[in-house]
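> structure for the following, please:
(chains A, B, C and D)
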There are 2 protein chains.
Amino acid sequence: MSISHLFPIDKWDFKTHSILTGLPPEEINLLMAHTTVHQYARNDTVFREGTVPSGIFFIRNGKVKKYKTDKFGREQIIYLANTGEIIGYHALLSEERYPDTAAALEESTITFIPKEDFLQAIERSKVLSQRLLKMLSHEYTVFANSVATLAHRSVRERLAMQLVVLREKYKENYQPGMLVEINLSRDDLAGLVGTARENIVRILKEFREEGMIETKGRKIFVTDVHKLLQASNY
Amino acid sequence: MSISHLFPIDKWDFKTHSILTGLPPEEINLLMAHTTVHQYARNDTVFREGTVPSGIFFIRNGKVKKYKTDKFGREQIIYLANTGEIIGYHALLSEERYPDTAAALEESTITFIPKEDFLQAIERSKVLSQRLLKMLSHEYTVFANSVATLAHRSVRERLAMQLVVLREKYKENYQPGMLVEINLSRDDLAGLVGTARENIVRILKEFREEGMIETKGRKIFVTDVHKLLQASNY
DNA sequence: GGTGAAATGTGATTAAAATCAATTTTCGAA
DNA sequence: TTCGAAAATTGATTTTAATCACATTTCACC
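Purely as a prediction, here's the structure:
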């Protein structure tokens, strides 16, 4: 059972996984003609803000943070991409440089699709370009949500909300009743919520004391989603 | 002369105006087959969050704020659309309900294009759908920027930055040396920056005393863009 | 031009979050 | 298993922003 009836998780998720799944074989072949597969260790950079894009990346397995760093070194995570998702297409389609940096959050297997193949596939496949249009316009919903949340909700509320989202993203072979292990550094969590590490630590402690989560080292287990949702004030 | 070499204004601007300009006549005809033109007074709603989209809107003249309201009534402006821009396409393309509300900021003339015509035009015109892809993916750049800014910059910095952006948006028949009149309520300015009205008022006062702007009633005139840019810490 | 509601502006106070300075824990490499 | 660097945590303090309570100004309308 999902929590989508309690919390609109799709408002926090791009839908890039829907791009490739079920695409006609010919289109798949076109896209996959010259792919290369790479292994990324935790913290390895996939692409860097400001560089010229050379292709797109399909995350076969793993998690990638997309983030911007300001001049004081503070990171803001724009989006956390999961297994099955694609990244790097914005820059190619907008004909700009990468607007942000992508780095693996954990050991990840990623397929690289060269620019030419991707653009050609779009050129030839109406299905593909229509799916991209649908997906990209959905991103507006996600961002409108993020912006409103960042602007008007407290750090505590935002952290509660993100934990609910992360619980979904860290589900793997999930069975009802299982605890989901959220394995993310405090710094990354801070970058996701948009605050300093210290605040994250303190509020996590509150959540623990209020019986919403348990922690084991850096790992976080959500033990009461409903209470968390309440705390998020959503 | 523009300030784009000092400040990347395009990172604050969607590029929806580029959609229609220069589109082949046949595509234009397709799109414009069943349009209706409407006049909106200040504060009139163009469409409302949560409703089913029935078409898109081309702003012939005027300005429209796109915003979300939280349960305490606080508005967050997601984007300020200007003359020549289109709004309402996200919901149609993503097949969702409107993710935000649109309301005229000033007397505006807006052309309505019905859903069917818009979707048909995309279906038939490769040029149009490719332009949409380009535009939508550029929006990611804008939002990544907004999110990072909201998360890590002070209200003072954000206000300074927005004033620079607004100065561009309120340019009309601009001649070098002219002062641009920014005519926006303090509440809307607060909604754009993501803070409370009182903070806006206080910081505007600082900016006035520091010789960056002048005010006349609600109207704001930027008198020193460079100082503002410095204050924005960009 | 006068009038009143709405918008703008001011001051004081409270609350939230950022920052600074350590200390403790964790976890991978030797 | 031990060691040491990196990460996480805690506490104290400062800064920033939100909130509350009014005062003043503006501006559309009569």
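
> which residues does residue A:222 contact?
A:163-164, A:167, A:179-180, A:182, A:212-213, A:228 (Cβ atoms under 8 Å, 6 or more residues apart in numbering or on different chains). Where you see a C-beta, it was placed from the backbone N, CA and C, and this is true even at glycine.

> the nearest residue to it once chain neighbours are set aside: neighbouring residues, count only.
Counting by Cβ to Cβ, 6 or more residues apart in numbering or on different chains, residue A:222 lies nearest to residue A:167, which is 4.7 Å off, once chain neighbours are set aside. Number of residues near residue A:167 (other Cβ atoms under 10 Å in any protein chain shown) recorded here: 22.

> next one: residue A:116
Counted with other Cβ under 10 Å, residue A:116 comes out at 12.

> what do you get for the one 4 residues further on?
Neighbour count for residue A:120, taken as other Cβ under 10 Å: 14.

> figure out the helix or strand that the residue nearest the centre of chain A lives in.
The residue lying closest to the centre of chain A (Cα atoms, centre = their mean) is residue A:80, at 1.9 Å. According to DSSP states H and E, residue A:80 maps onto strand A:75-81.

> quick check: mean pLDDT of that strand?
Summarised as a single mean, pLDDT over strand A:75-81 is 97.

> does chain B have contacts with the helix or strand following it?
Sequence order places strand A:86-87 as the next helix or strand after strand A:75-81, per DSSP H and E. No: in terms of Cβ under 8 Å from any Cβ of the partner chain, no part of strand A:86-87 sits within range of chain B; the closest distance is 10.8 Å.

> following element in sequence after strand A:86-87, please.
Reading on from strand A:86-87 to the C-terminus, the next helix or strand found by DSSP H and E is helix A:89-94.

> contacts for that next one, please.
A:16, A:53, A:55-56, A:96-99, A:115, A:118-119, A:132, A:136, B:133-138, B:140-141.

> how about the residues of chain A by DNA strand D?
Residues of chain A lying close to DNA strand D by Cβ under 7 Å from any atom of the strand are A:185-187, A:197-198, A:201-202, A:204-205, A:215, A:217-218.

> looking at chain A, which helix or strand does the model trust least?
One helix or strand of chain A scores below all others by mean pLDDT, DSSP states H and E: helix A:17-20, with a mean of 82.

> mind checking how far stretch A:173-190 is from the chain centre?
Centre-to-centre, stretch A:173-190 and its host chain are 13 Å apart (Cα atoms, centre = their mean, to the nearest Å).

> wait, isn't residue A:12 in contact with residue A:142?
Yes: using Cβ atoms under 8 Å, residue A:12 is in contact with residue A:142, at 6.3 Å.

> how many neighbours does the residue of chain A found nearest DNA strand C have?
Of all residues in chain A, the one sitting closest to DNA strand C is residue A:217 (2.5 Å; Cβ to the nearest atom of the strand). As a burial measure, residue A:217 scores 6 neighbours (other Cβ under 10 Å).

> name the nearest residue to residue A:56, sequence neighbours excluded.
Excluding its sequence neighbours, the residue lying closest to residue A:56 (Cβ to Cβ, 6+ apart) is residue A:88, at 4.3 Å.

> roughly how far apart are that neighbour and chain B?
Per Cβ to the nearest Cβ, to the nearest Å, residue A:88 is found 11 Å from chain B.

> list the contacts of that residue.
Residues near residue A:88 by Cβ under 8 Å, 6+ apart: A:46-47, A:53, A:55-57, A:98, A:102.

> where does chain A have low pLDDT?
A:1-2 (pLDDT under 70).

> quick one: the helices in it?
Under the criterion DSSP state H, chain A contains helices at A:17-20, A:25-31, A:89-94, A:115-124, A:126-152, A:155-169, A:186-193, A:197-209, A:225-232.

> tell me the most buried of those?
For the helices of chain A, the largest average neighbour count (mean count of other Cβ atoms under 10 Å in any protein chain shown) is found in helix A:89-94, namely a mean of 23.

> follow-up on the earlier one: and the least confident helix or strand of chain A, how far from the chain's centre?
Helix A:17-20 has its C-alpha centroid displaced from the chain centroid by 14 Å (Cα atoms, centre = their mean).

> just the CA atoms of that helix, as PDB, please.
In PDB, the C-alpha atoms belonging to helix A:17-20 read as follows (Å, rounded to 0.1, in the frame of the first residue of the first chain):
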ATOM      1  CA  HIS A  17      11.100   6.700 -15.300                       C
ATOM      2  CA  SER A  18       8.000   6.800 -17.500                       C
ATOM      3  CA  ILE A  19      10.100   7.900 -20.400                       C
ATOM      4  CA  LEU A  20      11.700   4.600 -21.400                       C
END
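
> is any residue of that helix near chain B?
No: applying Cβ under 8 Å from any Cβ, one finds helix A:17-20 out of contact with chain B, separated by at least 11.3 Å.

> which neighbouring elements make contact with that helix?
strand A:86-87, helix A:126-152 (3 or more Cβ pairs under 8 Å, 6 or more residues apart in numbering or on different chains; DSSP states H and E).

> domain map for chain A?
Listed domain ranges for chain A are A:9-148, A:154-231 (source: automatic domain parsing).

> quick check, the strand holding residue A:80 touching DNA strand C?
No: for strand A:75-81 and DNA strand C, the contact criterion (Cβ under 7 Å from any atom of the strand) is not met; the two come no nearer than 10.8 Å.

> returning to what we had before: list the contacts of the residue nearest to residue A:222.
Counting by Cβ under 8 Å, 6+ apart, residue A:167 makes contact with A:180, A:182, A:222, A:225.

> ok, the first one touching residue A:170?
Spelled out, that is residue A:180. Yes: between residue A:180 and residue A:170 there is a contact at 5.1 Å, judged by Cβ under 8 Å.
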